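In: Make a model of this:
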Amino acid sequence: MRKNDVGYGLFRYMALGAVLLNGLWLIGCDRKIEAQQAPKVPEVAIVVIQPQRVELTTELPGRTSAHRIAEIRPQVNGIIQKRLFQEGSDVKAGQLLYQIDPAPFQVAYDSAKASLGKSQANLPSIKLRAERYKEVLADKAVSQQEYDDAAASMGQAYADVEYWRAAVEAARINLGYTRVTAPISGRIGRSSVTDGALVTAYQPMSLATIQQLDPIYVDVTQSSTELLRLKRNFETGRLSTSGKGRRNVQLLLEDGTPYPLAGTLQFRDVTVDPTTGSYTLRIVVPNPENLLLPGMFVRAVVQEGIAEQAILAPQQGVSRTPKGEPVALVVDASGTVQQRMLTLDRAIGDKWLIASGLSAGERVIVEGMLNVRPGAAVKVVSLDSRKAGAEASQTHRPPAESN
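Out: Next up is the predicted model:
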């Protein structure tokens, strides 16, 4: 064999090997590209819905009002001699507030007493004369007319005594009315008159107002629609009563801070306001420190009832359709995403109370919703395990180097 033939054969074998290697490399690249282009199954975090026992409450707006209110008005005419209280202070029932000039009423009282004494002094002689005329009437010592006149005089004398006794009592009462006292205990406001002012009996403008602030009323309003909904829920068994606990009410002040003492639901009004479609609930609240003042805006947290099998879903797992309808994505037993249309009742903390749309045991997607669509297959992980993994990675992350 010639050298040229040997070299040519060797060249052919080398060329064939290069072609084979190039083909194998291209096949490996294609498979790598296919592996890279193969879609990955998205991973989602889920929460398994479990029924819970939940105490349902509602916040109702309202305002405070005094437990008792007394508007102080004079009952006789006169001049105010002196005001005997400090505006804005606490007063006791029976405490003297104003002194009206008693001089004319003292004169009227003394005059009535004198007239009573005069009529009482004349009564014995008139009575004795009538009795003597009666004794001698049978002997014809006096005429019947004389006896009748004596008896009439005696009756008139008795009537005069009673009249002046009543006049004395009236004068005494009017004299007492010159001392204007507090009818109830409470806090008194500003005075509308000063010393020397002329006042008239039962005048329209009050001299001052006393308000009893401990306890204090809180009047809140609730729609009649809510009342009907609650009644239906109790009838269907969705809610159950908790006994005496339902009468306890917590208050939230204007700045959102809770009031430290619980109130008691006293009654629900029996009339619905036709202009607002609501009715009034009255709550009695202890107020020993006078923190609550009449007219303050508060919110009352009233207990509606107990939901024994409430379905709660995390708010992050509930989204809205373009029409605003609430929906949730759940993963069924085969690992496929399904969409659920929901009916929401209310928010409780960071969860929604579900009226319909979800049932116990369903797996609701709370993370990764943007990467999936209904009908897609997904890989399920627990939200708790994902959070634990994230916390672990944060713990083992090396500290950043300082420059």
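
In: next one: phi and psi at G357?
Out: Backbone geometry at G357, expressed as degrees, to the nearest 10, gives phi 120, psi -30.

In: And this structure, what are its domain boundaries?
Out: The chain is divided into the following domains under automatic domain parsing: 45-54+311-394, 55-65+213-307, 74-95+183-205, 103-177.

In: Make TSV out of these and add mean neighbour count and mean pLDDT.
Out: Heads up, the C-betas are built off the backbone N, CA and C, glycines and all. What follows is those, written out as TSV (neighbours: other C-beta atoms under 10 Å; pLDDT from 0 to 100):
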stretch	mean neighbour count	mean pLDDT
domain 45-54+311-394	15	83
domain 55-65+213-307	15	82
domain 74-95+183-205	15	93
domain 103-177	15	88
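
In: Residue nearest the middle of this structure, spatially speaking?
Out: In the chain, the centroid-proximal residue (C-alpha atoms, centre = their mean) is A300; its distance is 1.9 Å.

In: pretty sure it contacts T221?
Out: No. Taking C-beta atoms under 8 Å as the definition, A300 is not a contact partner of T221, at 10.1 Å.

In: which neighbours do these two share?
Out: Residues touching both A300 and T221 by C-beta atoms under 8 Å, 6 or more residues apart in numbering: L60, G62, L281.

In: Identify, from those, the entry nearest to Q203.
Out: G62 (33.2 Å; C-beta to C-beta).

In: Next one: that closest one relative to P286, how far apart?
Out: From G62 across to P286, the span is 16 Å (C-beta to C-beta, to the nearest Å).

In: which stretches of the stretch 101-250 of the chain form strands?
Out: Residue ranges of the strands in the stretch 101-250 of the chain, as given by DSSP state E, counting those that start in this stretch, are 179-181, 186-188, 198-199, 208-223, 248-252.

In: Just the residues contacting the third one, thanks.
Out: For strand 198-199, the external contacting residues (C-beta under 8 Å, 6+ apart) are P74, N77, G78, I79, I80, I100, V193, L207.

In: could those residues be laid out in CSV, adding secondary structure and distance to D345?
Out: Formatted as CSV, the contacts of strand 198-199 follow (DSSP: H, G, I helix; E, B strand; the rest coil; distance: C-beta to C-beta, whole Å):
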residue, secondary structure, distance to D345
P74, coil, 57
N77, coil, 64
G78, strand, 64
I79, strand, 66
I80, strand, 61
I100, strand, 62
V193, coil, 56
L207, coil, 53
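
In: ok, so of those residues, who is nearest T343?
Out: Of all the contacts of strand 198-199, L207 has the smallest distance to T343: 58.5 Å, by C-beta to C-beta.

In: Report the separation between that closest one and P104.
Out: Note on L207: its distance to P104, by C-beta to C-beta, is 19 Å.

In: likewise G317?
Out: Taken as C-beta to C-beta, the span from G317 to P104 is 83 Å.

In: returning to that earlier point: return the distance of the host helix or strand of the residue nearest to the centre of the chain from the chain's centre.
Out: In this assignment (DSSP states H and E), A300 forms part of strand 297-310. In terms of C-alpha atoms, centre = their mean, to the nearest Å, the centre of strand 297-310 is found 11 Å from the chain centre.

In: for stretch 127-145, same thing?
Out: Taking C-alpha atoms, centre = their mean, one finds the center of stretch 127-145 at 82 Å from the center of the full chain.

In: With stretch 344-358 instead?
Out: 22 Å.

In: now do stretch 167-183
Out: Centroid separation for stretch 167-183 versus its chain: 43 Å, with C-alpha atoms, centre = their mean.

In: List the contacts of it.
Out: Residues from elsewhere that reach stretch 167-183 (C-beta under 8 Å, 6+ apart): 70, 72, 74-76, 78, 91-102, 105-106, 108-109, 111-113, 115-116, 188, 207, 210.

In: Among these, which are located in helices?
Out: F105, Q106, A108, Y109, S111, A112, K113, S115, L116 (DSSP state H).

In: from those, which is closest to D139?
Out: L116 (36.8 Å).

In: So what pairs up with the nearest residue to G335 once chain neighbours are set aside in the strands?
Out: In this structure, G335 finds its nearest non-sequential neighbour in A377, 5.5 Å apart by C-beta to C-beta, 6 or more residues apart in numbering. Going by DSSP bridges, A377 is paired in beta bridges with T336.

In: I figured A377 hits T336, correct?
Out: Yes. Using C-beta under 8 Å, A377 makes contact with T336 at a distance of 5.8 Å.

In: overlap in contacts of those two?
Out: In contact with both A377 and T336: no residue, using C-beta under 8 Å, 6+ apart.

In: ok, the lengthiest strand in the chain: who's next to it in the sheet?
Out: Counting residues, the longest strand found in the chain (DSSP state E) is strand 52-72. Partner strands and pairing direction for strand 52-72 (DSSP bridges) are strand 208-223 (antiparallel), strand 297-310 (antiparallel).

In: Where do the helices of the stretch 151-300 of the chain begin and end?
Out: Taking DSSP state H, counting those that start in this stretch as the test, the helices found in the stretch 151-300 of the chain are 224-236.

In: With the stretch 301-403 of the chain instead?
Out: Under DSSP H, counting those that start in this stretch, the stretch 301-403 of the chain gives helices at 383-396.

In: Now L227. Nearest residue, chain neighbours left out?
Out: Nearest residue to L227, sequence neighbours excluded (C-beta to C-beta, 6+ apart): Y279, at 7.1 Å.
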